[in-house]
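A.B. asks: got a predicted structure plus its sequence, pasted below:
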Amino acid sequence: MSPAHVRRDMRKHSRRTVELPVVVSDAANRVKAGIRFGAADVSVGGAFLASDLLFEVGEVLDVTIDVAARRRIVVRGRVVRVSRGTAEGEVPGMGIEFVDLSSADRTALESVLR
């Protein structure tokens, strides 16, 4: 069994591949502007953001996800995994765990992921 397969089996929430506009900024406000991503895998527990621009494991981020024309989710997240894309077939990016998703935002995100 591959390490990637084992990691998926350990997830608390199932993920879905979606393209949603995501803006990330560091919670300490060291980065003056948000960084735009297209989310690759999203669940109510977190997201994997495909990118060559990476934060470090443990960094706390503010994550904004536009889930509909008039619905925006703002959540605090923590970088839990970084992939530099060095192994064959590995996509560069980072895994973000949502740490304070409100119940209303959770419901909105669940509706998009159905």
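C.D. replies: Arrived safely, thanks for sending. Numbers count the residues shown, from 1 in each chain.
A.B. asks: quick check: beta-bridge partners of the residue positioned nearest the centre of the chain?
C.D. replies: Centroid check for the chain by CA atoms, centre = their mean gives Ala47 as the closest residue, at 2.5 Å. Residues in a beta bridge with Ala47, per DSSP bridges, are Val42, Ile96.
A.B. asks: wait, it sits on Val22?
C.D. replies: Yes. Taking contacts as CB atoms under 8 Å, Ala47 lies within contact range of Val22: 7.0 Å. (Each C-beta comes from the backbone N, C-alpha and C, glycine too.)
A.B. asks: shared neighbours, these two?
C.D. replies: Residues touching both Ala47 and Val22 (CB atoms under 8 Å, 6 or more residues apart in numbering) are 39, 63, 65.
A.B. asks: can you tell me the SS state at the last one?
C.D. replies: Which is Ile65. Using DSSP: H, G, I helix; E, B strand; the rest coil, the secondary structure recorded for Ile65 is strand.
A.B. asks: who's it bridged to?
C.D. replies: Bridge pairing for Ile65 - DSSP bridges - gives Val22, Ile73.
A.B. asks: correct me, but it touches Leu49?
C.D. replies: No. With contact defined as CB under 8 Å, Ile65 does not count as touching Leu49 (10.4 Å).
A.B. asks: give me the common contacts of those two.
C.D. replies: The overlap between the contact sets of Ile65 and Leu49 (CB under 8 Å, 6+ apart) consists of 22, 39.
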